[in-house]
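# Predicted coordinates and the sequence they were generated for:
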Amino acid sequence: MKLCVIPARGGSKRISKKNIRDFCGKPIIAYSIEAALASSCFDKVIVSTDEKEIAAIACEYGAEAPFIRPKELSDDYTGTNEVIKHAINWYQEKHEIISFACCIYATAPFVRAEYIVEGYEKLSSSNKSFAFSVTSFPFPVQRAIRINANNEIEAIWPENVLKRSQDLEEAYHDAGQFYWGRSEAFIKDELLFSKVSVPVILPRHLVQDIDTLEDWCRAELMYQAMQLKNKEKS
């Protein structure tokens with residue numbers, strides 16, 4: 001069985017009710033649920049939450065909420081992998097064998113079904129443990145600077161200051177959307193950011209981390225601009 005797990009804890013502190021807050025007309029978690037269902041990759045799409053309100057909204061948009069997540073897995077220190085392992089084990093204890101699992105974050109309104117499909121195809125056709133979304137940095141990270149204790153600028157890697165951008169290796173970062181994995185890789189806590197993973201490269205305009213209200217505002221503006229562009233094309 002292929003399982004999609006959307007973690008949606010209720011206790012967000014920086015953005016109140018973050019996972020079900022309205023984002024351009026519907027709860028933000030709805031975008032992740034709809035993309036997962038549209039991909040047709042999964043036998044089950046579930047939301048792992050500690051709150052009945054989140055579970056009810058998730059079910060309205062087509063997901064399942066077969067359990068309420070235990071309190072010990074719902075604090076600020078619980079890692080995503082622990083949540084995914086709990087869901088896998090919950091099903092396997094009921095004799096439903098999970099072959100692949102995919103974590104999709106609840107605050108990923110730019111996630112697209114086609115990239116979820118690409119992730120599954122890349123993983124299932126390889127001998128790797130994970131496949132997840134990444135995107136490129138918009139500026140060479142080798143030219144990063146710091147502000148020191150005297151409020152002065154310093155190059156972190158001075159040897160790169162005079163190098164041309166095209167001579168520097170392109171760098172990527174986690175896009176924070178979805179993470180496919182073989183169930184045993186999640187269970188064994190294999191290291192995601194390593195050679196056991198393959199990338200699904202997303203365009204930068206489909207990536208925006210949402211941790212603060214400023215991030216949220218930027219994401220809504222990006223989404224509205226994309227919607228407007230799509231209307232102009234049609």
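Nice, thanks for sending it over. Residues are numbered from 1 along each chain as shown.
# Now do residue 27 against residue 14, distance only.
Separation of residue 27 from residue 14 (Cβ to Cβ, to the nearest Å): 18 Å. Just so you know, the C-beta spots here come from the backbone N, C-alpha and C atoms, and that holds for glycine as well.
# Same question for residue 186.
The value you get for residue 186 to residue 14, if Cβ to Cβ is used, is 27 Å.
# Spatially, which residue comes closest to residue 87, not counting chain neighbours?
Nearest non-adjacent residue to residue 87, counting by Cβ to Cβ, 6 or more residues apart in numbering: residue 5, 4.6 Å away.
# Also residue 160?
Counting by Cβ to Cβ, 6+ apart, residue 160 lies nearest to residue 142, which is 4.2 Å off, once chain neighbours are set aside.
# tell me the SS of the one you found?
helix (DSSP: H, G, I helix; E, B strand; the rest coil).
# out of residue 27 and residue 14, which sits in the busier spot?
residue 27 (21 against 11; other Cβ atoms under 10 Å).
# Distance check, the residue nearest to the spatial centre of the chain against residue 113.
Geometric centre of the chain, nearest residue: residue 177, 2.3 Å, by Cα atoms, centre = their mean. According to Cβ to Cβ, residue 177 and residue 113 sit 12 Å apart.
# Residue 5 now?
17 Å.
# Then residue 23?
Note on residue 23: its distance to residue 113, by Cβ to Cβ, is 18 Å.
# Settle it for me: which of those two has more neighbours?
Taking other Cβ under 10 Å, residue 23 and residue 113 do not tie; residue 23 has more neighbours (19 against 15).
# give the contact list for that one.
31, 109, 216, 219, 220, 223 (Cβ atoms under 8 Å, 6 or more residues apart in numbering).
# Is it correct that residue 177 falls within a helix?
No: if the criterion is three-state DSSP, then residue 177 is strand and not within a helix.
# That one is in contact with residue 107, isn't it?
No: Residue 177 is beyond contact range of residue 107, at 9.7 Å (criterion: Cβ atoms under 8 Å).
# Please, where are all the helices along the protein?
Assigned helices in the chain, in chain order: 28-39, 52-60, 80-92, 113-124, 183-187, 213-233 (criterion: DSSP state H).
# By mean pLDDT, flag the weakest helix or strand of the protein.
Using mean pLDDT, DSSP states H and E, helix 213-233 stands out as the lowest-scoring helix or strand of the chain, at a mean of 92.
# in it, what's buried?
216, 219, 220, 222, 223 (16 or more other Cβ atoms under 10 Å).
# now do stretch 13-23
15, 18, 19, 20, 23.
# any idea how far residue 207 lies from residue 72?
From residue 207 to residue 72 the distance is 32 Å (Cβ to Cβ).
# May I have stretch 119-127 as CSV, with CA atoms only?
C-alpha atoms of stretch 119-127 as CSV (Å, rounded to 0.1, in the frame of the first residue of the first chain):
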residue,chain,number,x,y,z
GLY,A,119,8.8,11.7,-7.0
TYR,A,120,7.2,8.3,-6.8
GLU,A,121,8.5,7.3,-10.3
LYS,A,122,12.0,8.3,-9.4
LEU,A,123,12.0,6.4,-6.2
SER,A,124,10.3,3.3,-7.3
SER,A,125,12.5,2.9,-10.3
SER,A,126,15.7,3.3,-8.3
ASN,A,127,17.4,1.5,-5.4
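# Since that was my last question, I'll sign off now.
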